[in-house]
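J.: only geometry, no sequence info:
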């Protein structure tokens, strides 16, 4: 039965009042309701965030002082690989899809996602894939020791943990592609009457563009890991130099996926921030059209810069110059977005509840990460910083202080809408300040370590790097424990929070609290009946 005939907000599969509605665990296994599926994605994302976080803390504990403490070197490398893969494919991407499932139908006035059963399937592919990834730690030989980038020749020589990783990536890629087809179809076909594309909230635009990126690059990654699989088991030599293959070819194919991937992770975060800042500045977003064009420009440019990850592989000078300039060019649309967010706040009636605090934290720290990216774009500089902790600091400022802070902002902002309950503002403020301070204590010293020449992915290091490593490790444990405050804030809100008022964020004006980005003509709070 078409999902459009499904009762809005119901969990059934049609109009029959006497139909059997599954309860308990089966409700969650069989649900085709976009809100339920969004909730599943968000809880799965948080679970994997904790798993990946425990691995990160194990890594930091090992690096607290020189010498080998708690992990064998190969175990350390396996932890590094899994931490990266789990955080990207298990925590950040599913988290973003959770927001998409919850908010897109409500923001465009659709009754549900276009393909409700495929929506269910694309979620339930993720837990088995996650189990495969974690399982790779426990098979003989352990997980891959390659880092999340899976470079050959190491990945050709790794044990069976590598095969589990390849299989997991395939399954997660299939999930991403199905989710993207669903999001694109929903946005293009199920908008309420009068909701033109240029009246959609920026969040919907961010996800529309992200979904196209995913469909473009996930098959590329699938191709790369499939070639890796045949090199490992079927005697091909795509990446095996001994058979006439080229290990650097893998890097080209991998980063053609990997660079758009970082924008796949950050664009939904941009969308969330573009909803939170206008709501807490009590005015519509500044420069709506330029925000949309900037998102599109970032997406297009993301395909043209993959080889800036390969400045030390012996590219020709002309190639190096092209990738340098193209990389610097991405700073332009990103700068447009930052300017528009600042201009939205300018002369607004700002209130500093937790969602706005995380949005401001995002703005400050993400911009810092953007600047270090600009520095790494300069090839002679990058040759010095390649594979040092400077790069680790850079991408954690973009992914943790960027995407993760945006997710926190979005959860605190929309939780009253999702659960009907208010969270405790004091607890949420504690969560923000602890996260903000400990994040910087963890990752800012990594810039100094990288400048001093400490390589990444090493389980042991020279004496002179000890002090900053100890600071970073203390910060990491502080940051990890701060997330328990977040868990407490969310769970206590859902279980015993005060009922949310009709407009929880109502402040200086009576703007709609789900303030869509352009000034609204209608309220799409109650979706119209689709004829």
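T.: Now that the structure is in, tell me what you want to look at. Bear in mind that the values here come from a model prediction, so they are computed numbers and not experimental data.
J.: buried sites along the longest helix along the chain?
T.: Using DSSP state H, we find that the single longest helix of the chain is helix 247-281. Of the residues in helix 247-281, 247, 250-281 count as buried by neighbour count, 16 or more other C-beta atoms under 10 Å. Backbone N, C-alpha and C define where each C-beta goes, glycine included.
J.: What angle do helix 247-281 and whatever helix or strand comes next after it make with each other?
T.: Downstream of helix 247-281, the first helix or strand assigned by DSSP states H and E is helix 288-301. Counting by axes from the mean of the first three to the mean of the last three C-alpha atoms, to 10 degrees, helix 288-301 lies at 170 degrees to helix 247-281.
J.: Mind giving me the packing neighbours of helix 288-301?
T.: helix 202-233, helix 247-281, helix 331-345 (3 or more C-beta pairs under 8 Å, 6 or more residues apart in numbering; DSSP states H and E).
J.: and if we set it to 10 Å?
T.: Applying 3 or more C-beta pairs under 10 Å, 6 or more residues apart in numbering; DSSP states H and E, we find helix 288-301 packed against helix 202-233, helix 247-281, helix 317-329, helix 331-345.
J.: Distance to residue 426 added to those helices, as CSV?
T.: Formatted as CSV, those follow (distance: least, C-beta to C-beta, whole Å):
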stretch, distance to residue 426
helix 202-233, 28
helix 247-281, 18
helix 317-329, 43
helix 331-345, 24
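J.: wait, which of these is closest to residue 179?
T.: helix 202-233 (7.6 Å; C-beta to C-beta).
J.: Okay, the residue nearest to the spatial centre of the chain and residue 152: tell me how far apart.
T.: Centroid check for the chain by C-alpha atoms, centre = their mean gives residue 92 as the closest residue, at 3.1 Å. To residue 152, residue 92 is 25 Å away according to C-beta to C-beta, to the nearest Å.
J.: and if you look at residue 477?
T.: As judged by C-beta to C-beta, residue 477 and residue 152 stand 35 Å apart.
J.: quick one, which of those two is more surrounded?
T.: Taking other C-beta atoms under 10 Å, residue 477 and residue 152 do not tie; residue 152 has more neighbours (25 against 16).
J.: If you drop the residues flanking it in sequence, what lies closest to the more buried one?
T.: Leaving out its chain neighbours, the residue that sits closest to residue 152 by C-beta to C-beta, 6 or more residues apart in numbering is residue 239, at 4.1 Å.
J.: Any chance of the helices and strands packed on helix 288-301 in CSV with mean pLDDT as columns?
T.: Below are the helices and strands packed on helix 288-301 laid out as CSV (pLDDT from 0 to 100):
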stretch, mean pLDDT
helix 202-233, 97
helix 247-281, 97
helix 317-329, 96
helix 331-345, 96
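J.: and the residue lying closest to residue 44 once chain neighbours are set aside, which of the three is it?
T.: Spatially, and ignoring its direct neighbours in sequence, residue 44 is nearest to residue 94 (5.4 Å; C-beta to C-beta, 6+ apart). With DSSP: H, G, I helix; E, B strand; the rest coil as the basis, residue 94 sits in helix.
J.: Okay, buried residues for stretch 113-129 please.
T.: Judged by neighbour count (16+ other C-beta under 10 Å), stretch 113-129 contains these buried residues: 113-116, 118-120, 122-126, 129.
J.: so how far is that stretch off the chain centroid?
T.: How far stretch 113-129 lies from its chain's middle: 18 Å, per C-alpha atoms, centre = their mean, to the nearest Å.
J.: Next, the distance between the ends of that stretch.
T.: Using C-alpha to C-alpha, to the nearest Å, one end of stretch 113-129 lies 23 Å from the other.
J.: Give me the mean pLDDT for it.
T.: Here stretch 113-129 scores 97 as its mean pLDDT.
J.: what's the nearest residue to residue 366 if we skip its chain neighbours?
T.: residue 402 (4.2 Å).
J.: give me every residue that touches the one you found.
T.: Residue 402 makes contacts with 92, 262, 265-266, 269-270, 273, 362-363, 365-370, 395-396, as judged by C-beta atoms under 10 Å, 6 or more residues apart in numbering.
J.: if we can go back for a sec, please flag which of the buried residues of stretch 113-129 sit within helices.
T.: Checked against DSSP H, the buried residues of stretch 113-129 include these in helices: 116, 118, 119, 120, 122, 123, 124, 126, 129.
J.: Please tabulate those in CSV and include distance to residue 488 as additional columns.
T.: CSV is the format used below for these (distance: C-beta to C-beta, whole Å):
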residue, distance to residue 488
116, 33
118, 35
119, 30
120, 30
122, 30
123, 26
124, 28
126, 25
129, 29
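J.: Looking at those residues, which one is closest to residue 29?
T.: residue 124 (7.4 Å).
J.: okay, now the residue nearest to residue 152: neighbour count?
T.: Residues contacting residue 239 under the criterion other C-beta under 10 Å number 25.
J.: Kindly report the same for residue 243.
T.: 11.
J.: Name the nearest residue to it, ignoring sequence neighbours.
T.: residue 237 (2.7 Å).
J.: Tell me if I am right that that neighbour is in a helix.
T.: No - residue state for residue 237 (three-state DSSP) corresponds to coil; a helix is not indicated.
J.: what's near enough to touch it?
T.: Shown in contact with residue 237 (C-beta under 10 Å, 6+ apart): 156, 227, 230, 231, 243, 244, 245, 246.
J.: filter these to the buried ones?
T.: Neighbour-count burial (16+ other C-beta under 10 Å) applied to those gives 156, 227, 231, 245.
J.: three-state assignment of the first one?
T.: For residue 156, the secondary-structure state derived from three-state DSSP is helix.
J.: same check, this time on the last one
T.: Going by three-state DSSP, the secondary structure assigned to residue 245 is coil.
J.: looking at it, it is touching residue 156, isn't it?
T.: Yes - between residue 245 and residue 156 there is a contact at 9.4 Å, judged by C-beta atoms under 10 Å.
J.: Find the residues that touch each one of the two.
T.: Common contact partners of residue 245 and residue 156 (C-beta under 10 Å, 6+ apart): 231, 237, 238, 239.
J.: wait, what's in contact with the first one?
T.: The neighbourhood of residue 231, defined by C-beta under 10 Å, 6+ apart, consists of 152, 153, 155, 156, 237, 238, 239, 240, 243, 245, 250.
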